[in-house]
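Visitor: okay, predicted coordinates and the sequence, questions at the end:
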Amino acid sequence: MAELTFRTGTMDAGKSTLALQTNHNHAARGRAGRLFTSHDRAGSAQVSSRLGLRAEAIEVGPDLDFWRYTVDALTQGARIDYFICDEAQFYTPEQVDQLAKVVDELQIDVFCFGILTDFRTRLFPGSARLVEVADRTEVLQVEALCWCGKRATHNARTENGVMVTEGDVIVVGDVDDVTTPPDVHDVEVAYEVLCRQHHRRRMTAARARAVSLSPEPLPFS
Ligand SMILES: Nc1ncnc2c1ncn2[C@@H]1O[C@H](COP(=O)(O)OP(=O)(O)O)[C@@H](O)[C@H]1O
Ligand SMILES: Cc1cn([C@H]2C[C@H](O)[C@@H](COP(=O)(O)O)O2)c(=O)[nH]c1=O
């Protein structure tokens, strides 16, 4: 029986690496697959991992209909055994439902990879739908860590080094370096993974360093 699987974790947990490994393992056994992604940091229509692996993919825009795409491909004689779907948090709930239909009606395995929550700690609509309909939701075993050493569970966004909790939901960026999105002039955006406590307190690594380096308060006279 084909399955819809959702593998999730924070940013930098190894999801894209696992997506590419999964693709490799299935292709190595002669299975025919398709690789999909949306808004990858490395650019349109590719899956890239911080470990250096990279592969061409089909870019998923809001208008892509997975059911139509699959039926058309099969009608034209293509063979499809599985789909790898990276950055699945950016897919629409309707696209996730189309993927579920592809699994059930066409017996094609679908492996989705993506983050669960955005920088405001709210579920991405696509990820919420995946949790609702997937046969299995698995949290990646390699844990990303907060600066304090605890398991990182939340994705924080910084603008010019300061953690923010308001703004556009989709802003492509990385955990290491800053990017300047084309539509947000002079604002450098970056991400950092944190434990819940430090996300609640807006205590990024830089702020924790600044607090620990600040001079002792003078004693009251
Ligand atoms: N130089 C390195 N040596 C070993 N592992 C690394 C190195 N750089 C990155 N990684 C691993 O790659 C992971 C990020 O992989 P990636 O697939 O890009 O993550 P995701 O797609 O979840 O954001 C890190 O959590 C870390 O385990
Ligand atoms: C939290 C959050 C993230 N994003 C973007 C930033 C990255 O481009 C991707 C996540 O990629 P990764 O492979 O999991 O590191 O999502 C966003 O647009 N909005 C957010 O709130």
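Guide: The structure has been received and is ready for your questions. Computed from a prediction, not measured in an experiment: that's the story for all the values here. Ligands and ions are numbered 1, 2, ... in the order given.
Visitor: residue contacts, the residue positioned nearest the centre of the chain?
Guide: Nearest to the mean C-alpha position of the chain, by Cα atoms, centre = their mean, lies residue 114 at 3.4 Å. Residues in contact with residue 114 (Cβ atoms under 8 Å, 6 or more residues apart in numbering) are 6, 8, 15, 85-91, 124, 126-127, 130. Using the backbone N, CA and C atoms, a C-beta is placed for each residue, glycine as well.
Visitor: next, format these as a markdown table and append distance to ligand 2 and neighbour count.
Guide: Output for the contacts of residue 114, formatted as a markdown table (distance: Cβ to the nearest ligand atom, whole Å; neighbours: other Cβ atoms under 10 Å):
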| residue | distance to ligand 2 | neighbour count |
| --- | --- | --- |
| 6 | 13 | 27 |
| 8 | 9 | 22 |
| 15 | 6 | 25 |
| 85 | 13 | 30 |
| 86 | 7 | 30 |
| 87 | 6 | 26 |
| 88 | 10 | 30 |
| 89 | 7 | 25 |
| 90 | 7 | 23 |
| 91 | 12 | 28 |
| 124 | 8 | 21 |
| 126 | 11 | 23 |
| 127 | 11 | 25 |
| 130 | 14 | 30 |
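Visitor: from those, which land in strands?
Guide: 6, 8, 85 (DSSP state E).
Visitor: my read is that the second one contacts residue 124, right?
Guide: So that's residue 8. No: under the criterion of Cβ atoms under 8 Å, residue 8 lies out of contact with residue 124, with a separation of 10.2 Å.
Visitor: what do these two both touch?
Guide: 114-116.
Visitor: count the neighbours of residue 144 for me.
Guide: Residues contacting residue 144 under the criterion other Cβ atoms under 10 Å number 19.
Visitor: correction: the previous question concerned residue 77.
Guide: Neighbours of residue 77 using other Cβ under 10 Å come to 6.
Visitor: beta-bridge partners for the closest residue to residue 23 other than its chain neighbours, please?
Guide: Closest residue to residue 23 apart from its sequence neighbours, by Cβ to Cβ, 6 or more residues apart in numbering: residue 84 at 4.8 Å. Note on residue 84: beta-bridge partners by DSSP bridges are residue 35, residue 111.
Visitor: run a quick neighbour tally on residue 156.
Guide: 26.
Visitor: for it, which three-state class applies?
Guide: Here residue 156 is strand, with the state taken from DSSP: H, G, I helix; E, B strand; the rest coil.
Visitor: now do whatever helix or strand residue 132 lives in, average pLDDT.
Guide: Assigned by DSSP states H and E, residue 132 belongs to helix 125-133. If you average the pLDDT over helix 125-133, you get 98.
Visitor: and it, what other elements does it pack with?
Guide: strand 4-8, helix 93-106, strand 109-114 (3 or more Cβ pairs under 8 Å, 6 or more residues apart in numbering; DSSP states H and E).
Visitor: for the chain, which residues are neighbours of ligand 2?
Guide: By the rule Cβ under 6 Å from any ligand atom, the part of the chain lying against ligand 2 is 11-12, 15-16, 41, 115, 118-119, 155, 157, 169-173, 191.
Visitor: take these and keep only those in helices.
Guide: Applying DSSP state H to these, the entries found in helices are 15-16.
Visitor: wait, which of the residues of the chain next to ligand 2 is closest to residue 68?
Guide: residue 170 (23.9 Å; Cβ to Cβ).
Visitor: doesn't residue 90 make contact with the closest one?
Guide: Yes: the criterion here is Cβ under 8 Å, and residue 170 meets it with residue 90 at 6.6 Å.
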